[in-house]
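Asks: Build me a structure from this.
(chains A and B)
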Amino acid sequence: MEISARKLGEFTIFDISGDIDLATSPELRQALLHEIQALRRPRVIVNLRAVRYMDSSGLASLIEALKASKDAGTRFVLFGMNTTVREVFHLSKLTTFFEIYDDEDEASAP
Amino acid sequence: MAGRRRDLLLSMAFRSDPESLCSVRGALAPLAEKLGFSEPECRAVVLAVDEALTNVMRHAYAGRRGRPIEVSFRRIPAPGRGAKRDALEILLWDRGRKFDRAKLRGRALEDVRPGGLGLHFIREIMDAVEFRRTAGRNRLRLIKVLPAPRIPKDS
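Replies: Predicted coordinates:
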């Protein structure tokens, strides 16, 4: 898994690629929580388009970030759900808890 | 195809290291495809096995690395389907703590843990899930019925 962060004004956009599993999800969790809890960014956006594989530990990292964002007053937004990621969200039946958009323009719209 | 029944397709022995999950997924994906599962089914079977192994590492071995895990994949007659269908049987063995089912059950958003979600995924994906404790070892048996064989048009 690779994570890169872009800062655009008040937004932070994380571009994630590769596999998110038990081995890599702690890094994702730490990166998201740092941006939300320590830096208190108003909006944190996660681009999942290049994610090749994601399991429940990856999803749990996103859920934890979502919960932290509610406490911190951050908008936590996802976009670029490919088939693989969409299937995992569908299985979890937790899709409705997240703010999800098709592309970056929508995710970063006012 | 009676001669192919209970065929051992793949057997792996490795250690409880999260880095090994990627290798198992890499070995299982082509096997599932070869058995005739559709692309979404292949991804689902790989996910279920990954989740089962993750649970072993997180819960049975409490995150300790270097502990033994064995997994085997067999083609068997589908339980309860007579001689008509085959199934993929996956057996996972570990020497960790006994499964605590109560711990693995919760999956509300307020109390989401990877183990709880993982077991939920496994149950959604597989046709049968059985836990057993034998001689100090945990055995998890997963069954996924294979797609119905396609009948050639010219037969």
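
Asks: Show the subsequent helix or strand relative to the top helix by length along chain B.
Replies: Looking across chain B with DSSP state H, the single longest helix is helix B:39-55. For helix B:39-55, the following helix or strand on the C-terminal side (DSSP states H and E) is strand B:68-77.

Asks: Please name every helix or strand in contact with the helix or strand following that following strand.
Replies: Heading C-terminal from strand B:68-77, the first helix or strand you meet, by DSSP H and E, is strand B:86-94. Under the contact definition 3 or more Cβ pairs under 8 Å, 6 or more residues apart in numbering or on different chains; DSSP states H and E, strand B:86-94 sits against helix B:39-55, strand B:68-77, strand B:137-145. Where C-beta positions appear, they are placed from N, C-alpha and C, glycine not excepted.

Asks: can the ones you listed go into JSON lines with extra columns for mean pLDDT and distance to chain A?
Replies: Below are the helices and strands packed on strand B:86-94 laid out as JSON lines (pLDDT from 0 to 100; distance: least, Cβ to the nearest Cβ, whole Å):
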{"stretch": "helix B:39-55", "mean pLDDT": "97", "distance to chain A": "5"}
{"stretch": "strand B:68-77", "mean pLDDT": "96", "distance to chain A": "13"}
{"stretch": "strand B:137-145", "mean pLDDT": "97", "distance to chain A": "15"}
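
Asks: To residue A:103, which of the ones you listed lies closest?
Replies: With Cβ to Cβ as the measure, helix B:39-55 is the member of the helices and strands packed on strand B:86-94 nearest residue A:103 (23.3 Å).

Asks: Let me know the angle separating that closest one from strand B:68-77.
Replies: Orientation of helix B:39-55 against strand B:68-77 (axes from the mean of the first three to the mean of the last three Cα atoms, to 10 degrees) gives an angle of 150 degrees.

Asks: Identify the residues contacting helix B:39-55?
Replies: For helix B:39-55, contacts defined as Cβ atoms under 8 Å, 6 or more residues apart in numbering or on different chains pick out A:21-22, A:55-57, A:83-84, A:87-88, A:91, B:18, B:21, B:24-25, B:28-29, B:32-33, B:37, B:69, B:71, B:88, B:90, B:92, B:104, B:114-115, B:118-119, B:121-122, B:125-126, B:140, B:142, B:144, B:147.

Asks: again, but for stretch A:3-13
Replies: Here stretch A:3-13 makes contact (Cβ under 8 Å, 6+ apart) with A:14-16, A:27-28, A:31, A:35, A:39, A:41-47, A:104, A:107-108.

Asks: related to what we said a few turns ago, pick the most buried one from the helices and strands packed on strand B:86-94.
Replies: Comparing these by mean neighbour count (mean count of other Cβ atoms under 10 Å in any protein chain shown), helix B:39-55 comes out on top with a mean of 22.

Asks: Can you tell me the centre-most residue of the chain?
Replies: The chain I'm using is chain A. Centroid-nearest residue in chain A, with Cα atoms, centre = their mean: residue A:46, separated by 3.8 Å.

Asks: Chain B, not that one
Replies: residue B:49 (3.9 Å).

Asks: Next one: it from residue A:29, what distance?
Replies: Residue B:49 sits 23 Å away from residue A:29, going by Cβ to Cβ, to the nearest Å.

Asks: Residue B:51 now?
Replies: Taken as Cβ to Cβ, the span from residue B:51 to residue A:29 is 17 Å.

Asks: next SSE after the helix or strand of chain B with the lowest mean pLDDT?
Replies: Ranked by mean pLDDT, DSSP states H and E, the helix or strand of chain B with the weakest confidence is helix B:101-105, at a mean of 60. Going down the chain from helix B:101-105, the next helix or strand is helix B:114-125, by DSSP H and E.
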